[in-house]
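Undergrad: model this:
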Amino acid sequence: MPPKNNNQAFDVSMSIEFTAKIIFWRGPSPFYFVPIPAEESAAIKDISTMVTYGWGVIPVTVRIGKTTFKTSLFPKDNLYLVPVKAAVRKAEDIDEDGEVTVHLDVG
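TA: Predicted coordinates for the structure are as follows:
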């Protein structure tokens, strides 16, 4: 029986680290995100078809400070956004416009 997702089929993985400012999305569903810089977003895009589970969304494991969590990246304007849940922001004392260092494992 074939693997259930492309990630298993190709054994693709990537780890990156970057520092960026957290942003508040004021849309119909407000949320906080950390935008992944252009160079790192391009590298993720290069493997995206092998790790996505649809709609361009990519599952990742993220560490900010001492907090590790699983989430999915969202594509936006040729970049990817890391959603940051309220529990993570509280645990790491992160405010809007605060700068954070993100360790990201894709695949």
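Undergrad: Only C-alpha atoms from now on, for both contacts and neighbour counts.
TA: Will do.
Undergrad: got a pLDDT number for the residue nearest to Ile58 when sequence neighbours are not counted?
TA: Spatial nearest neighbour of Ile58, excluding adjacent residues (C-alpha to C-alpha, 6 or more residues apart in numbering): Thr52 at 4.6 Å. Looking at Thr52, its pLDDT reads 83.
Undergrad: what's the answer for Arg63, then?
TA: 98.
Undergrad: how much space between it and Pro37?
TA: 16 Å (C-alpha to C-alpha, to the nearest Å).
Undergrad: Ala42 belongs to a strand?
TA: No - per DSSP: H, G, I helix; E, B strand; the rest coil, Ala42 lies outside any strand segment and is helix.
Undergrad: Surely it is in contact with Pro75?
TA: No - when contacts are counted by C-alpha atoms under 8 Å, Ala42 is not listed as touching Pro75 (11.0 Å).
Undergrad: low-scoring pLDDT stretches of this protein, where are they?
TA: Within the chain, the stretches with pLDDT under 70 are 1-11.
Undergrad: just the strands in this structure please.
TA: Using DSSP state E, the strands of the chain run over residues 14-21, 23-25, 31-35, 58-64, 67-76, 79-84, 99-106.
Undergrad: Can you lay out those strands as a markdown table showing mean neighbour count and distance to Glu92?
TA: Formatted as a markdown table, the strands of the chain follow (neighbours: other C-alpha atoms under 10 Å; distance: least, C-alpha to C-alpha, whole Å):
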| stretch | mean neighbour count | distance to Glu92 |
| --- | --- | --- |
| strand 14-21 | 14 | 14 |
| strand 23-25 | 15 | 15 |
| strand 31-35 | 20 | 14 |
| strand 58-64 | 19 | 7 |
| strand 67-76 | 15 | 7 |
| strand 79-84 | 21 | 11 |
| strand 99-106 | 17 | 9 |
